[in-house]
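K.L.:
Below: sequence and its predicted model.
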Amino acid sequence: MGGNANSGIVAEQKSSEIYTYDAPWHIYSMNWSVRRDKKHRLAIASLLEQYSNRVEIVQLDDSTGDIQSDPNLSFEHTYPPTKVMFVPDRECVRPDLLATSSDFLRIWRIADDSSGVTLKSVLNANTNSEYCAPLTSFDWNDADPRRIGTSSIDTTCTIWDIEREAVDTQLIAHDKEVYDIAWGGVSVFASVSSDGSVRVFDLRDKEHSTIIYESSDPVETPLVRLGWNKQDPRYMATLIMDSPKVVVLDIRFPTLPVVELQRHQASVNAIAWAPHSSCHICTAGDDSQALIWDLSSMGTSSDSAGERPDGGLDPILAYTAGAEIDQLQWSSSQPDWVAIAFSSKLQILRV
């Protein structure tokens, strides 16, 4: 892990590798494929103000340098997908699956020969109600890929067993809408909400949750995104609605941020922890900037971690896009690649 600390320097030595794909619509959600046999493959989804939306699976052609969409792997979707995610299966032992969230959680299967995409399951937790509470986000459990956790505006989080196509657990997670969810282990997940709190849940003790952080300026300002550091699960990061600040938390010391990153000039929309390093994080927002930060100084001890609440940290790498950046994803199978989406453009950048 430590060997990647100077990745910013390496990036300058290589020809700056940036590839762009222009979608036929505004990109609302996007994500990298995880499988090792599908390098530089991503899914992108549309934001169209209508019932019918689109998902495309695109891939970089190394020989031409073009990101190309495969018409066979483009399909219609109900409402704009709030998130898309490929199955966390680097070793290719499972079917090639893609999940999307909007009105319901949907699981799609990509044919082994990439000849098409079929809808495998539509998972609806509220079968006894005509009303459907839209899903704001979901996360696929790395450690147990049968499990997907969803977050909803109806204050609940639902844990699905996608193989049984059944609800494992549904719990009222917050007092208001839940905007994001992230796994921190096989049975531990966290969520953020319009009620301004980050809460951690353990499926082995469903009666209790731990409040790790509450927004205070003003009180109950909604928290909209959550990223859990896979390389060091003591740390997570959250975004405050319409704020240029990124709050980094140490779950061992609840309520007080370990550091606040304050170099964005406008609202931050997306965060991604490095998949290969415990101390690097990327953030992106309405200032058209994608920033990579080295948080190794934030502390080996709680004392040094708490010394800089002013966010006096500067990013080690900055990239300016052509418009406000809505989406950001760091490739777990190719950790020197980051993808951003702004307006109708998808860009993949070597970092």
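P.N.:
All right, it came through fine.
K.L.:
Now do stretch 257-277: distance to the chain's middle.
P.N.:
12 Å (CA atoms, centre = their mean, to the nearest Å).
K.L.:
For it, measure first residue to last.
P.N.:
20 Å (CA to CA, to the nearest Å).
K.L.:
Can you list the residue ranges for helices in the stretch 1-150 of the chain?
P.N.:
For the stretch 1-150 of the chain, the helices defined by DSSP state H, counting those that start in this stretch occupy 7-13.
K.L.:
any low-confidence regions in it?
P.N.:
Along the stretch 1-150 of the chain, the model assigns pLDDT under 70 to residues 1-16.
K.L.:
Tell me where it has strands.
P.N.:
18-22, 27-32, 41-46, 52-61, 66-78, 83-86, 97-101, 105-110, 117-123, 135-140, 147-152 (DSSP state E, counting those that start in this stretch).
K.L.:
Between these, which one is closest to D242.
P.N.:
Among the strands of the stretch 1-150 of the chain, strand 135-140 comes nearest to D242, with 16.3 Å by CB to CB. Where you see a C-beta, it was placed from the backbone N, CA and C, and this is true even at glycine.
K.L.:
Tell me the helices and strands packed up against the closest one.
P.N.:
strand 83-86, strand 97-101, strand 147-152, strand 178-183 (3 or more CB pairs under 8 Å, 6 or more residues apart in numbering; DSSP states H and E).
K.L.:
about what we covered before: can you tell which of the strands of the stretch 1-150 of the chain is closest to L291?
P.N.:
Short answer: strand 18-22, nearest of the strands of the stretch 1-150 of the chain by CB to CB, at 16.0 Å.
K.L.:
How about the closest one, which residues are buried there?
P.N.:
Neighbour-count burial for strand 18-22, counted by 16 or more other CB atoms under 10 Å, picks out 19, 21.
K.L.:
Next, the angle strand 27-32 makes with that strand.
P.N.:
140 degrees (axes from the mean of the first three to the mean of the last three CA atoms, to 10 degrees).
K.L.:
Just send the helices and strands packed on strand 135-140 back as a markdown table, with distance to T169 and mean neighbour count too.
P.N.:
Converted to a markdown table, the helices and strands packed on strand 135-140 look like this (distance: least, CB to CB, whole Å; neighbours: other CB atoms under 10 Å):
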| stretch | distance to T169 | mean neighbour count |
| --- | --- | --- |
| strand 83-86 | 19 | 24 |
| strand 97-101 | 17 | 24 |
| strand 147-152 | 9 | 26 |
| strand 178-183 | 12 | 26 |
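K.L.:
can you put the strands of the stretch 1-150 of the chain in CSV and add distance to S278?
P.N.:
CSV is the format used below for the strands of the stretch 1-150 of the chain (distance: least, CB to CB, whole Å):
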stretch, distance to S278
strand 18-22, 26
strand 27-32, 20
strand 41-46, 25
strand 52-61, 28
strand 66-78, 30
strand 83-86, 22
strand 97-101, 27
strand 105-110, 30
strand 117-123, 33
strand 135-140, 19
strand 147-152, 23
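K.L.:
For D314, which of those strands is the nearest?
P.N.:
Closest among the strands of the stretch 1-150 of the chain, using CB to CB: strand 18-22, at 22.5 Å.
K.L.:
which other helices and strands contact the closest one?
P.N.:
Partner elements for strand 18-22 (3+ CB pairs under 8 Å, 6+ apart): strand 66-78, strand 345-350.
K.L.:
rewinding a little: minimum distance to Y319: which of the strands of the stretch 1-150 of the chain has it?
P.N.:
strand 18-22 (8.3 Å).
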